[in-house]
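>>> sequence and computational prediction follow.
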Amino acid sequence: MKVLVSWIGTADLLSVKENAEEDVKKIISQKTKNRKSNPSGPLITLASECNFDEIHLLCDWGKDIGDFFKKQLVERSNTKAKVEIHLATISSPIAYEEILLETDKFLDEVCSPLAPEDPLFILLTSGTPAMAASWVLLGKNKRYNTRFLQTFKDSENPEDKKYLLASHVIEEKIDISFRTERRYFPSIHGMMHIVEEGSQKVDEFQIIKGESESLRLAKGLAQRAASYDAPILLCGETGTGKELFAQAIHDASPRKKERFEALNCAAFPKELLESELFGFVKGAFTGAGNDKPGAFQRANNGTLFLDEIGECSLDMQAKLLRVLQPNKNSEGGQSKKDSKGGQSKNDSNSLTNLTFRPIGAQEDVRANVRIIAATNRDLRQMIRDKQFREDLFYRLAVIPITLLPLREREGDIEILANDILKNFNDLYKQNNKYQPKKLSPEALDFIKSQDWPGNVRQLYNVIWYAVVMVDGTEIKRETIEAAILHGPYALVSANDREKEEAKKSQDEPHKPILNVDDVPLGNGFNIIEFVKNIKRKLTIKALKETDRNKTKAAQLLGYKNSGSISLKELDISDEDLK
């Protein structure tokens, strides 16, 4: 059985728009912004020239348009295939993660009846680049008999004609496997039971505020992993709460009555980091007047939190790998003494019995330690760049937990802002000069519109600034703006922006983009509409160049913040940004 799958793209709809009823034609026109029609779209071209048993199409345009296109495809291509429309819900045609999840779910449904030898044809031409990328990633990842197709126009000439399947159809040979990378994609699909666990009120995790699905998934994973001694790797940008999570995991674990030892690996030169981790004995080097226990020894029977693990040198990574290799009883079944001269808990059969040697010592010592590591770097990219050991990564990332940045945690910013403010109101209520404060609606809207590059830590500092600077009971938008504009993150980004602009001005001279002398006045000319149209076009251009990142687009346009970009006011739709 030959099965074809594809998204219905803009070019496909434009090719059949003129045959639509007025109401459907109006919807297509609105979504495509009256772009020029094509005589034959990719799907009709493919179905006309190649035979399939079944054609399954993903449609994010709605049922009416999906049904209309199905009818047109059958009539105009004369295909004998069984055609089915599958409705999809995505917030944007470039929302990559949503597209990936919808495509993944769709493929599982369509391909479950296929035999291993049945070919699955995927059309890459229809839809957005994000949709094509998802097809390739999933098609090469799952164990399907996948073949990728593209259509082309008469004016186009494929470079390699030996893969030509029909007059306007070519098969793309993609000989890369992504199966190794696939396991790391953060997908909530199929993990809703973990999300539900993260929704439960667990005392140790109450300090972590937020109700977004991604945060509940992270909390659910952490709560479940807390009861076990498996190593955990926390990944996320600076300020996303990695140490807060690590402390909560420790507090919810059987080790909660023992020590939680935190060590920032980036805080020490590589020469000192080894002694901080493993300790040293008296006389090990000049100045070593007494024995000093390291972090592993101090955390015996408890938890060791290794923050910024990605900053360790390759030499230190090799030493850590040796220590993190679990050890069972050695030397004829007799356990070595722990760092305090006693027996470590669960010493006879624990995966957390770690053996190491302090600097200058003659014998190894053992500690029973649960490891939680954290990083704000992409360790997998570092592995590819030969900057991080792959074997150490697998030793640390038994339970990987991703903490998304605040800008991607829908709904959490408001919850956090109000909770932080409440905590400050409680903290300062004994101060006779202090009046409890609340955020004005405008201030809260402004807070929700920001990207927060410093995440929760930056939000905390901004609220603190406002609490200190405001005399009355209401915090207004201008106070929040002042805190952001004069804060350390704004200073860094402003310096970077100045450097970029200076370099750009050196590399290429300024050229006028519009000569007003060429603009005809009169005959219905409206300067307000004229300026709005220019603003709209430049905003679309900036958003496209930055992959819809409003903060970066605002910088390109010279705005102070992303709140100055209003898609609604400029009548910019998702279709404009394709």
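On my side now, so go ahead.
>>> could you state which residue of this protein sits nearest its centroid?
L404 (6.2 Å; CA atoms, centre = their mean).
>>> tally of neighbours for D471?
By other CB atoms under 10 Å, the residues close to D471 number 8. C-beta: built from backbone N, CA, C; applies to glycine.
>>> before we move on, what about T89?
Neighbour tally, T89, other CB under 10 Å: 7.
>>> how close does it get to F260?
Plainly put, T89 is 43 Å away from F260 if you go by CB to CB, to the nearest Å.
>>> can you pull the contacts of the residue nearest to the centre of the chain?
S212, S214, L215, A218, G236, T240 (CB atoms under 8 Å, 6 or more residues apart in numbering).
>>> among those, who's most crowded?
A218 (28 neighbours).
>>> is that residue in a helix, a strand, or coil?
Classification of A218 using DSSP: H, G, I helix; E, B strand; the rest coil returns helix.
>>> go ahead and confirm it touches P400.
No: contact criterion CB atoms under 8 Å: A218 and P400 do not qualify, at 10.5 Å.
>>> quick one: the strands in the stretch 1-150 of the chain, in order.
3-7, 54-59, 82-87, 119-123, 145-151 (DSSP state E, counting those that start in this stretch).
>>> outside of the third one itself, list whatever touches it.
Residues lying outside strand 82-87 but in contact with it, judged by CB under 8 Å, 6+ apart, are 53-60, 62-63, 66-67, 69-70, 73-74, 106, 109-110.
>>> rewinding a little: where's the residue nearest to the centre of the chain relative to R536, distance?
Counting by CB to CB - L404 and R536 are separated by 31 Å.
>>> please apply the same query to A397.
Taking CB to CB, one finds A397 at 46 Å from R536.
>>> more neighbours: which of these two?
Remark: of A397 and R536, A397 carries more neighbours, 19 against 16, as counted by other CB under 10 Å.
>>> which stretches in the stretch 301-450 of the chain count as strands?
Using DSSP E, counting those that start in this stretch, strands in the stretch 301-450 of the chain cover 303-307, 353-356, 365-368, 370-375, 399-403, 438-439.
>>> tell me the mean pLDDT for the shortest one?
Translated: strand 438-439. Averaging pLDDT along strand 438-439 gives 95.
>>> just name the most buried of the strands of the stretch 301-450 of the chain.
Comparing those by mean neighbour count (mean count of other CB atoms under 10 Å), strand 370-375 comes out on top with a mean of 26.
>>> parallel or antiparallel, list what pairs with that one.
strand 232-236 (parallel), strand 303-307 (parallel) (DSSP bridges).
>>> CSV for these, including mean pLDDT and distance to L485?
Formatted as CSV, the strands paired with strand 370-375 follow (pLDDT from 0 to 100; distance: least, CB to CB, whole Å):
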stretch, mean pLDDT, distance to L485
strand 232-236, 95, 25
strand 303-307, 96, 30
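>>> so which of those strands comes closest to L164?
For the strands paired with strand 370-375, the distance to L164 is smallest for strand 232-236, at 44.6 Å, taking CB to CB.
>>> report the distance from the closest one to the chain centre.
Centre-to-centre, strand 232-236 and its host chain are 13 Å apart (CA atoms, centre = their mean, to the nearest Å).
>>> contacts for stretch 566-578 next, please.
So stretch 566-578 is contacted by 10, 30-33, 92-94, 128, 532, 535-536, 539-540, 543-544, 548 (CB under 8 Å, 6+ apart).
>>> mind putting the strands of the stretch 301-450 of the chain into CSV with distance to F278?
Shown next, in CSV, are those (distance: least, CB to CB, whole Å):
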stretch, distance to F278
strand 303-307, 12
strand 353-356, 5
strand 365-368, 9
strand 370-375, 14
strand 399-403, 25
strand 438-439, 48
